[in-house]
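*Asks:* For reference, the sequence and a predicted model appear below.
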Amino acid sequence: MEQQILLALVSFIIATFLFYTMIQRHRRPPLSTLSPSPPSLPIIGHLHLLTDMPHHTLTQLAQKLGPIIHLQLGQVPTVIISSPQLAELVLKTHDHVFASRPQIIAAQYLSFGCSDVTFSPYGPYWRQARKICVTELLSSKRVNSFQFVRNEEINRMLRVISEHSNCELDMSQVFFVVANDILCRVAFGKRFIDHNLKEKKEKDLVSVLTETQALLAGFCVGDFFPKWEWVNSLSGMKKRLMNNFKDLREVCDEVIKEHVKKRDENGDVLGKEDFVDVLLRVQKRDDLEVPITDDNLKALILDMFVAGTDTSAATLEWTMTELARHPSVLERAQDEVRQITANRGKVEESDLQRLHYMKAVIKETMRLHPPVPLLVPRESMEKCILNDYEIPAKTRILINTYAIGRDPKSWKSPLDYNPERFMENDIDFRGQDFRFLPFGGGRRGCPGYALGLATIELSLARLLYHFDWKLPPGVADQDVDLSEIFGLATRKKVALKLVPTINRLYASG
């Protein structure tokens, strides 16, 4: 949270407090219309309440104050939603009111003026961009067309694991690499880390995208003081964003130039299309309501990559963590995979639809460890009433799926890891049951969930099929560290170390 900068900020502007509060008093609705709120401080409001694990802090506040809370985060009025009933009001009943996004500082730079699908404000451009993503980039046909990429990269992962059979292996790093390699090939047509390169460029795709992911990962002080642009200069964030933006533009220009060169004399793609190829083709259509600039194209490609990598890696990491902690669940999931595919000696994507218990394992993991626990923030476009409380226009909305997934009013024994609960109730990922929102819901729900799930399910099925898994010697089930790092996706703070053993009965394929 850059607390030193916050303290310096408070010290510097404390003299303006009286003037500031007088102005704000005229702008805010009467306190009786606001949802419950804890005591605040001058200037920073409730920022002091946020920790490096904001979803934990906000869950604790919800337990004290209720499922709808008003916070003043610096200059930004914010409402926290922590129940499925209120989430349904935001994501369904009043979806049209809460369909826009706040203009996050990092996204303004790294999404080329918020022109991607995730951060672009609600309007004609966003509707067109989402339609292109849904019909051209993320359709079932397109997701299936990348099956060969998933197959190659997951098999590459299995070979790495095989080389470390009976040895302690950092599975967090393994999952990071496979998720990044798959999404990089799907988006850009090349691996995240190309081991065939003999020379490392000063500004290569890996270093630039790694910095982009880091910059988009957390809260930025300037986002809470949008009227004071100098905050970003003081914190050094503006300089860092400008440098990464310059590097992003250069590497994206290079990738696009490579794709244009690879076309034949008629302009057709040689081989299978990746996201760059698709968007270059769409860009030339004459039926677009809003023209797609080169910067828009870069933003859309980067959006698909950034949104999919950390979430996929984190879900695999947490799933294997919970399986290692619950051997009986691991054994049942392995038995299912091996029984269904035993005659062929390998797992194919066509087998996934029959792996009902494994799918329940993934869902239960996402319930307890949602990849994006506060979802992507929304912003109200007009005044709205939620549970008799007035939500003014330009209010930021955070939906705490971490709290919702652990709510004892919705889930029996909510802190227990129990995949069977999803066998008894067919709850899908698509945001129709508001107790379970790993990909959000409504018109701003994640359009790429099918692409991410294809990677997660196939990876997990093959890991379960080919290997037996144990915790390192001396580490008991209850000793596994479950602490987190909040970012683009909530990852494990301590890397997951496991000991894989090749199961000779299922070693082929």
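*Replies:* Happy to help now that I have it.

*Asks:* drop to CA atoms for contacts and neighbour counts, all remaining ones
*Replies:* Will do.

*Asks:* Okay, now the unreliable bits of this protein?
*Replies:* Scanning the chain for pLDDT under 70 picks out the ranges 1-33, 194-203, 218, 265-267, 508-509.

*Asks:* quick one, longest helix in it?
*Replies:* Ranked by residue count, the top helix of the chain under DSSP state H comes out as helix 294-325.

*Asks:* and the angle from the following helix or strand past it to helix 294-325?
*Replies:* Of the helices and strands lying after helix 294-325 in sequence (DSSP states H and E), the nearest is helix 327-341. With axes from the mean of the first three to the mean of the last three C-alpha atoms, to 10 degrees as the basis, helix 327-341 and helix 294-325 are set at 110 degrees to each other.

*Asks:* If you count neighbours, what's buried in helix 327-341?
*Replies:* For helix 327-341, the buried set under the neighbour-count rule, 16 or more other C-alpha atoms under 10 Å, comprises 329-330, 333-334, 336-338.

*Asks:* ok, so of the residues you listed, who is nearest residue 454?
*Replies:* Closest to residue 454 out of the buried residues of helix 327-341 is residue 337 (15.7 Å), distances taken as C-alpha to C-alpha.

*Asks:* I'd guessed that closest one sits against residue 356; true?
*Replies:* No: Residue 337 is beyond contact range of residue 356, at 9.6 Å (criterion: C-alpha atoms under 8 Å).

*Asks:* which residues does residue 269 contact?
*Replies:* By C-alpha atoms under 8 Å, 6 or more residues apart in numbering, the contact set of residue 269 is 262-263, 277.

*Asks:* State whether it is indeed within a helix.
*Replies:* No: per DSSP: H, G, I helix; E, B strand; the rest coil, residue 269 lies outside any helix segment and is coil.

*Asks:* Strands of the stretch 401-509 of the chain, start to end?
*Replies:* 467-470, 484-485, 491-492, 497-502 (DSSP state E, counting those that start in this stretch).

*Asks:* For the second one, which strands pair with it and how are they oriented?
*Replies:* Each strand pairing with strand 484-485, determined using DSSP bridges, is listed with its direction: strand 491-492 (antiparallel).

*Asks:* how much space is there between the residue nearest to residue 122 when sequence neighbours are not counted and residue 333?
*Replies:* The shortest distance from residue 122 to any non-neighbouring residue, by C-alpha to C-alpha, 6 or more residues apart in numbering, is to residue 100 (4.6 Å). For residue 100, the distance to residue 333 (C-alpha to C-alpha, to the nearest Å) stands at 40 Å.

*Asks:* ok, residue 164 touching residue 500?
*Replies:* Yes: using C-alpha under 8 Å, residue 164 is in contact with residue 500, at 7.3 Å.

*Asks:* the more surrounded of these two?
*Replies:* A count of neighbours by other C-alpha atoms under 10 Å puts residue 500 above the other of residue 164 and residue 500, at 24 against 15.

*Asks:* and the more buried one, what does it touch?
*Replies:* Counting by C-alpha under 8 Å, 6+ apart, residue 500 has contacts 161-162, 164-169, 467-470.

*Asks:* let's see 6 Å
*Replies:* Counting by C-alpha atoms under 6 Å, 6 or more residues apart in numbering, residue 500 touches 165-166, 467-469.

*Asks:* Next: residue 411.
*Replies:* Contact analysis of residue 411 by C-alpha under 6 Å, 6+ apart lists nothing.

*Asks:* residues touching residue 350, list them.
*Replies:* Neighbouring residues of residue 350 by C-alpha under 6 Å, 6+ apart: there are none.

*Asks:* now it: how far from residue 182?
*Replies:* Following C-alpha to C-alpha, the distance that separates residue 350 from residue 182 is 19 Å.

*Asks:* Then residue 52?
*Replies:* Using C-alpha to C-alpha, residue 52 is found at 30 Å from residue 182.

*Asks:* and residue 476, how many neighbours?
*Replies:* As a burial measure, residue 476 scores 12 neighbours (other C-alpha under 10 Å).

*Asks:* Look up phi and psi at residue 79.
*Replies:* The phi/psi pair for residue 79 (degrees, to the nearest 10) reads phi -120, psi 130.

*Asks:* just to revisit the earlier point, what's the closest of the strands of the stretch 401-509 of the chain to residue 57?
*Replies:* Checked against C-alpha to C-alpha, the stretch from these lying closest is strand 484-485, at 13.2 Å.

*Asks:* Could you check how far that closest one is from the centre of its chain?
*Replies:* Computed by C-alpha atoms, centre = their mean, to the nearest Å, the chain-centroid distance of strand 484-485 equals 14 Å.

*Asks:* what's the answer for stretch 210-222, then?
*Replies:* Distance, centroid of stretch 210-222 to centroid of chain: 13 Å (C-alpha atoms, centre = their mean).

*Asks:* quick revisit: overlap in contacts, residue 337 and residue 356.
*Replies:* With contacts defined as C-alpha under 6 Å, 6+ apart, no residue is shared by residue 337 and residue 356.

*Asks:* mind checking how far residue 174 is from residue 77?
*Replies:* Distance, residue 174 to residue 77, by C-alpha to C-alpha: 40 Å.

*Asks:* same thing with residue 392?
*Replies:* As judged by C-alpha to C-alpha, residue 392 and residue 77 stand 9 Å apart.

*Asks:* now do residue 124
*Replies:* In this structure, residue 124 and residue 77 are 26 Å apart, going by C-alpha to C-alpha.

*Asks:* do residue 328 as well
*Replies:* From residue 328 over to residue 77 (counting by C-alpha to C-alpha), the distance is 46 Å.

*Asks:* Which positions in the helix or strand containing residue 365 come out as buried?
*Replies:* Residue 365 is part of helix 356-368, with elements assigned from DSSP H and E. Judged by neighbour count using 16+ other C-alpha under 10 Å, the buried positions of helix 356-368 are 357-368.

*Asks:* need these in TSV with distance to residue 224, can you?
*Replies:* Shown next, in TSV, are the buried residues of helix 356-368 (distance: C-alpha to C-alpha, whole Å):
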residue	distance to residue 224
357	43
358	41
359	39
360	38
361	38
362	35
363	33
364	34
365	32
366	29
367	29
368	29
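
*Asks:* Now do the strands in the stretch 51-200 of the chain.
*Replies:* For the stretch 51-200 of the chain, the strands defined by DSSP E, counting those that start in this stretch occupy 68-73, 76-81, 169-170.

*Asks:* so which of those strands comes closest to residue 343?
*Replies:* Of all the strands of the stretch 51-200 of the chain, it is strand 169-170 that lies closest to residue 343, at 29.3 Å by C-alpha to C-alpha.
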